[in-house]
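1. Sequence and predicted model, in that order:
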Amino acid sequence: MNKIDLSKISSDLENATPQEILRWAVDAYGRGLTMATAFGVEGCALIAMLAEIDPAIRVINLETGYQFPETLQVRERIREKYGIEVEHIFPDETVGEMEARFGGPIYNRMPDECCRIRKIVPLKRALEGYSAWVSAIRREQTPDRSRTQIVQWDPKFDLVKISPLANWTKKDVWSYALDNDVPYNPLHDRGFPSIGCWPCTHAVGQDAEDRDGRWAGLAKIECGIHSH
């Protein structure tokens, strides 16, 4: 498939349901398809859909070493409910080894480098050999994500990126999650609209914007995985 084909496919799927988009992806790519999740409510909703379509599709989580305990517990609840074992992808260095190399934590003084080492590089390695990956991002979350297509070429990771929830609202996601009893991170109920690594994620209240509370005090709102 070339980029023109992807553009047409994306346009054709613009009004499809996330389940229809996932079915298309499974049919198009089979075992060449994988999904990455940080266990936000969006990712959990997609896993619930995938469990009904093809539970054998590989699902991965970037285990940075800085994830909240509540996030790691969601992984177990997902396994218990859907029988899907989300694979942890680890960086080359442990947190201790990296902090020793830099003379202490770098999430507060070099956040982009921290994200690169613990997220972007491991994801790039995990996606090698795959033809397409599924992401749970939505257009309304950030300016970068507002340009997301349902299906598009991802030059950062050199494969096709599929975003079944691109045109869903936060309300759409929560309605699906609650209606279908989808396990989700309890931190969402404690004022965390978006949940990343614990040093760089803070509670901000129920009415906050999607990325509020991430990298508080900095202009940064993306780890770099979804930046153009």
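-> Thanks, I have the structure now. The structure displayed is predicted, hence computed values, not measured ones.

2. Which residue, neighbours along the chain excluded, lies closest to the residue nearest the centre of the chain?
-> Geometric centre of the chain, nearest residue: T37, 3.8 Å, by CA atoms, centre = their mean. With sequence-adjacent residues excluded and distances taken as CB to CB, 6 or more residues apart in numbering, T37 is closest to G43, at 3.3 Å. C-beta here means a position set from N, CA and C on the backbone, and glycine is covered the same way.

3. what's the pLDDT at the residue of the chain most remote from its centre?
-> Here the centre of the chain is the reference, and by CA atoms, centre = their mean the most remote residue is G103, at 29.8 Å. At G103, the predicted lDDT confidence score is 96.

4. now swap in K161 and tell me
-> 96.

5. now for the lowest-mean-pLDDT helix or strand in the chain, which elements pack on it?
-> Every helix and strand in the chain was compared by mean pLDDT, DSSP states H and E; the lowest is helix 3-12, with a mean of 87. In terms of contacts (3 or more CB pairs under 8 Å, 6 or more residues apart in numbering; DSSP states H and E), helix 3-12 is packed against strand 151-154.

6. ok, I47 touching G40?
-> No: shown here, I47 and G40 do not form a contact pair, counting by CB atoms under 8 Å, at 10.9 Å.

7. Does P186 touch E70 like I think?
-> Yes: judged on CB under 8 Å, P186 makes contact with E70 at a distance of 5.5 Å.

8. For those two, indicate the residue with more neighbours.
-> Taking neighbours as other CB atoms under 10 Å, P186 and E70 compare with E70 leading, 16 against 13.

9. give me every residue that touches the more buried one.
-> Residues counted as contacts of E70 (CB atoms under 8 Å, 6 or more residues apart in numbering) are 185-187.

10. hmm, 10 Å instead?
-> Neighbour list for E70: 39, 185-188, 190, 192, 195, 198 [criterion: CB atoms under 10 Å, 6 or more residues apart in numbering].

11. That one - that's part of a helix, no?
-> Yes: checked against DSSP: H, G, I helix; E, B strand; the rest coil, E70 lies within a helix.

12. Thought R23 was touching T17, still the case?
-> Yes: with contacts counted by CB atoms under 10 Å, T17 reaches R23, the gap being 9.3 Å.
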